[in-house]
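Here is my input, please return the structure:
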Amino acid sequence: MKKTLLPLAISSLFTVLLPNPVLADQLPPKNHQTIQYEQYTAITDCSAHATDLALATVMPDTPSLSRESSNYQIDQSLYSRCTQTSTAPYSFGLRRGQLINSHFIGKTQKAYDEGYYMTNIVPMTVELYTGAWYQSDRIIDCIKPNGKMTVIAGAIWEGAHAANGTLPTHGIPVPSAYFKIIKQGAYQGAWMIPNAKTSTRETLPAWEVTVNDIENRIGYLIPAELDGQKNYHPDGWYHSECVTQ
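Residues are numbered from 1 along each chain as shown. Model prediction:
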C-alpha cells in the first residue's frame with residue numbers, strides 16, 4: 001500500500017522545504033531527512049544512508065558551469081546517520097552517478113557544486129552510468145531550451161539486483177534499479193531502469209513505465225503533479241539527432 005500520511009511536525013517541515021507544499025503529505029513516512037538545496041530537493045532515507053528521491057526544476061536558461069571547483073563532498077547539514085560515510089570511488093567498478101545532473105541545476109556555481117554532494121550521488125553500474133541513464137540525461141539536455149521542466153529521480157532498493165557491496169566502504173547498499181521522471185508542459189516520460197549490465201543506451205525505451213508503476217514499486221506517492229497512468233511525449237525524445245549523436 002502506498003503511504004500518504006506523515007506526522008504533523010514532519011509534514012510541516014516538508015511544507016517549508018518542498019516546491020509544492022500541497023503535496024507534502026505524500027512523502028514517504030519513514031526514517032528520512034529532507035534537504036532543500038539551491039536548485040533541488042533531496043529526501044534521504046537514513047536507513048540506507050542515501051537519497052530516496054531528488055526533485056529539481058530545470059530552467060531553459062541554466063548555464064553550463066565549470067566543474068573545476070566541484071568536489072565530492074558529504075553535506076555536513078545532514079544527520080550523520082543519514083549520509084554516506086565516504087566520498088571515495090565505489091568498489092566493484094561501480095560509478096558515482098548523479099541522480100540530478102549538475103549541468104541541469106547549475107544556475108550558480110554553488111548550485112552546481114551541490115550536485116556533487118554525496119546526497120545526490122549513488123552507485124551505478126558502468127553500463128547504466130554510460131548507457132540508459134546517460135541517454136535520459138541527453139533527453140533533458142535536448143528539450144531544456146523548450147521551457148522549464150520538473151525532473152525527479154530516485155532509487156529502488158529491493159529486487160533481484162540488490163547488493164550490499166558498498167556497505168563496508170560507504171554505508172549504502174547498491175540499489176537494484178533507479179527511476180526518473182521528466183515533466184515539461186504537456187509532455188511526460190517515466191522510466192524504471194535496472195542497475196545492471198543490460199541498461200545500455202539503446203535500451204532506454206524498453207524501461208519506460210507509468211508513474212503509477214513507479215509508485216507501486218517504491219511504496220509512496222511522488223511529490224509532484226503528474227499523470228499517473230500515461231506518458232505523453234514525441235518520438236523525438238528517443239530518436240532526435242540531439243539524443244542519438
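
Break down the protein into its strands, ranges please.
Using DSSP state E, the strands of the chain run over residues 32-36, 40-45, 50-58, 95-98, 121-124, 149-156, 177-184, 187-194.

Go through the chain and flag its longest helix.
The longest helix of the chain (DSSP state H) is helix 132-143.

name the helices or strands packed onto it?
Helices and strands touching helix 132-143, as assessed by 3 or more C-beta pairs under 8 Å, 6 or more residues apart in numbering; DSSP states H and E, comprise helix 102-105, strand 149-156, strand 177-184, strand 187-194, helix 236-239, helix 241-244. Every C-beta, even on glycine, is put in place using the N, C-alpha and C of the backbone.

Alpha carbons of the last one, as CSV, please.
So the one you mean is helix 241-244. Extracted in CSV, the C-alpha atoms of helix 241-244 (Å, rounded to 0.1, in the frame of the first residue of the first chain):
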residue,chain,number,x,y,z
GLU,A,241,19.8,13.9,-33.7
CYS,A,242,20.5,15.6,-30.4
VAL,A,243,19.8,12.5,-28.3
THR,A,244,21.4,9.9,-30.6
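
give me the number of residues near Gly93?
10 (other C-beta atoms under 10 Å).

wait, I meant Leu204
The burial count for Leu204: 24, using other C-beta under 10 Å.

got it, and Ile172?
When neighbours are counted by other C-beta under 10 Å, Ile172 comes out with 26.

now Ile218
For Ile218, the neighbour count with other C-beta under 10 Å is 22.

How about Asp61?
8.

Quick check: the gap between it and Ala206.
According to C-beta to C-beta, to the nearest Å, Asp61 and Ala206 sit 33 Å apart.

Nearest to Thr83, out of the strands of the chain?
With C-beta to C-beta as the measure, strand 40-45 is the member of these nearest Thr83 (7.1 Å).

And the residue nearest the centre of the chain?
Taking C-alpha atoms, centre = their mean, the centroid of the chain lies closest to Ala153, which sits 2.4 Å from it.

which residue packs closest to it, ignoring adjacent ones?
Nearest residue to Ala153, sequence neighbours excluded (C-beta to C-beta, 6 or more residues apart in numbering): Leu99, at 4.1 Å.

Tell me which residues touch Val243, please.
Gln135, Arg138, Ile139, Cys142, Gly236, Trp237 (C-beta atoms under 8 Å, 6 or more residues apart in numbering).

so how many other residues sit close to the third one?
Ile139 sits with 22 neighbouring residues when counted by other C-beta under 10 Å.

Return the distance of the closest residue to it other than its chain neighbours relative to Leu167.
Spatial nearest neighbour of Ile139, excluding adjacent residues (C-beta to C-beta, 6+ apart): Trp237 at 5.1 Å. To Leu167, Trp237 is 36 Å away according to C-beta to C-beta.

what about these two, which has more around it?
More neighbours surround Trp237 than the other of Trp237 and Leu167, with 24 against 14 (other C-beta under 10 Å).
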